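>>> Just to be clear, the model below is a prediction. Sequence and coordinates:
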Amino acid sequence: MSGGVEVEDTNGGCSTPKRWECQIPTALVPPPPPRKKPFSFGKKRDPPKNGFFHPPDLEELFSLMPLPMPTT
């Protein structure tokens, strides 16, 4: 015993580096937010090449269906 105080290492000799070369630099100015794409109100689409879908006799199909009977 030399009379000094002994410090016990509890981490097994591993520690976080404290030098400035090992530290993550702090950002001075945050990056700007992403820009939104401009929305165009007047953009019109061309009609489909084959035309719109017209089912044959759709109105007839609904007119032939019986009405549900009310239950009492």
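Happy to help now that I have it.
>>> in what helix or strand does the residue minimising distance to the centre of the chain lie?
Nearest residue to the geometric centre of the chain (CA atoms, centre = their mean): P34, 13.8 Å. Using DSSP states H and E, P34 sits within no helix or strand.
>>> quick one: it from S63, how far?
Distance of P34 to S63, computed by CB to CB, to the nearest Å: 54 Å. Using the backbone N, CA and C atoms, a C-beta is placed for each residue, glycine as well.
>>> what about the helices in this protein?
Along the chain, the segments classed as helices by DSSP state H run 58-64.
>>> now it, which segments are flagged as low pLDDT?
Applying pLDDT under 70 to the chain flags residues 1-12, 42, 65, 72.
>>> And the strands in it?
For the chain, applying DSSP state E gives no strands.
>>> Now the phi/psi pair for N50, please.
Backbone torsions for N50, taken as degrees, to the nearest 10, come to phi -90, psi 0.
>>> Phi and psi next, for C14.
When read as degrees, to the nearest 10, the backbone of C14 gives phi -100, psi 140.
>>> Could you check how many residues crowd around D46?
Neighbours of D46 under the rule other CB atoms under 10 Å: 5.
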